[in-house]
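**Q** I need the structure of the sequence given here:
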Amino acid sequence: MEKRKFDKLNIESSLLGFGCMRFPLDENGNINEVEAEEMIDLAIANGVTYIDTAYPYHNGDSEPFVGRVLKKYDRESFTLATKLPIWNVNSQQEARELFESQLKRLDVDYVDFYLLHALDADKWKKVLDYHIIEMCEELRNEGKIKYLGFSFHDEFNVFEEIIKYHHWDFCQLQLNYMDMGIQAGQKGVDLANELGVPLVVMEPIKGGSLATLPEDVTQMFKDYNPEVSLASWALRYVGTLPGVKVILSGMSTLAQVKDNLETFKEYQNLNEEELAIVKKVSDTLHSRMKNGCTGCGYCMPCPFGVDIPSNFKYWNNRFVYDDEKLFKGKYQKMEAKAKAINCKECGACERMCPQQLPIRADLKRVVKDMGE
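**A** Numbering: from 1, shown residues only. Have a look, this model is predicted:
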């Protein structure tokens, strides 16, 4: 397993981190705990040391499940990351109580990497108003967190304000070869490196969408190396960016775990020729996408029952993969109340969207392109 060192923190981590947001599900939509535990065990057995969860993942079930699985391992053998959902707290006292509940849910005495979750301009204002950073530094002094950072979903100017405000131990950014021009993006990578803030990468495969590509695009990769997976290209791309210490992958199957482990077993950064191929692929796909939904689900639940991520998935896939019959068919099979036509334009989803997408306007376009 490829390892990278957080120089200023004097610690080492596996380059591959296990993201605990997309575990396999059972027939009731709950975590399939047998399969998910097997996946975590396989990853750890092959050198993965960084485990990333959060309070809201899997409707709140991820933290307690991860805590139960990790209980059989020596606490010093892995690093655990979780996050404070700023949108759920309305005072410093509430934030403190929520953190203490996270320790109980995870069944640990401390968290290694603690993040202020999904910061944007509005959540950052709450962080300042409630003196959340000061609270986290108190928790650090008490030995309850080791390293303080934040994850981020907003425009670069907001990122610049946040990263320059405090001496952060690390930050977590959405980076992949399709998204280097949005959110913090390449400018964020450059600024973090300038300030000496290590990077943890989320969404390196863009919610899984870069693991399955149209045949003509896939061939661009296969012509160069027919043996490696499309996901491997995406992971190695972000691993090649300067300052990246951990790459999170939200793995959903045992096969995905095995493929990712293979990528990081004898890991190599992309060379110049490979980087040129990735740019060609990125340019081709960008020309076909309708919007940048990653399927993260932060917009859910919709008060009116619209399944926003599924609407956008089928809509985008219709055009990216040039298969109207397949994806219109999938769209038509959706539950009636889940379709875009039922959007009442309340805007609740847009306030939660990490990608800052114009969801209401895009759902109208879905109706136009995909039917009712």
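**Q** all strands of this structure, in order?
**A** In chain order, the chain shows strands spanning 3-6, 11-14, 16-19, 50-52, 79-84, 111-119, 145-152, 170-174, 199-202, 244-249, with DSSP state E as the criterion.
**Q** Now do the fourth one, average pLDDT.
**A** Summarised as a single mean, pLDDT over strand 50-52 is 98.
**Q** quick one: strands adjacent to it?
**A** With DSSP bridges as the test, strand 50-52 is paired with strand 16-19 (parallel), strand 79-84 (parallel).
**Q** Can you list the neighbours in contact with it?
**A** With contact meaning Cβ atoms under 8 Å, 6 or more residues apart in numbering, strand 50-52 is reached by 13-14, 16-20, 40, 66, 70, 78-82, 113, 200, 246, 248. For the C-beta atoms, the positions are set from N, CA and C on the backbone; glycine is no exception.
**Q** any chance of the strands paired with strand 50-52 in TSV, with distance to S151, mean pLDDT and mean neighbour count too?
**A** Listed next are the strands paired with strand 50-52 as TSV, based on distance: least, Cβ to Cβ, whole Å; pLDDT from 0 to 100; neighbours: other Cβ atoms under 10 Å:
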stretch	distance to S151	mean pLDDT	mean neighbour count
strand 16-19	11	97	26
strand 79-84	6	98	24
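**Q** Not counting residues beside it along the chain, what's closest to Y110?
**A** Excluding the flanking residues, the one nearest Y110 by Cβ to Cβ, 6 or more residues apart in numbering is K144, at 5.1 Å.
**Q** Just give me the neighbour total for T240.
**A** If you count neighbours by other Cβ atoms under 10 Å, T240 ends up with 15.
**Q** so V108 makes contact with R75?
**A** Yes. Between V108 and R75 there is a contact at 6.9 Å, judged by Cβ atoms under 8 Å.
**Q** out of those two, which sits in the more crowded spot?
**A** Using other Cβ under 10 Å as the criterion, V108 and R75 rank with V108 on top: 18 against 12.
**Q** Looking at per-residue confidence, what score does that one get?
**A** Among the per-residue scores, V108 shows a pLDDT of 97.
**Q** hang on, the earlier thing: of the strands paired with strand 50-52, which is nearest K313?
**A** strand 16-19 (18.8 Å; Cβ to Cβ).
**Q** Run through who's touching that closest one.
**A** With Cβ under 8 Å, 6+ apart, strand 16-19 has contacts from 1-2, 39-40, 43, 48, 50-52, 81, 200, 202, 235, 246-251, 260-261, 263-264.
**Q** now with 7 Å?
**A** With contacts defined as Cβ atoms under 7 Å, 6 or more residues apart in numbering, strand 16-19 is touched by 1, 40, 43, 48, 50-52, 246-251, 260, 264.
**Q** farthest-separated two in those?
**A** Among these, M1 and G250 lie farthest apart (Cβ to Cβ), at 18.2 Å.
**Q** And the two? Which one has more around it.
**A** Neighbour comparison, M1 and G250: the larger count goes to G250, with 21 against 16 (by other Cβ under 10 Å).
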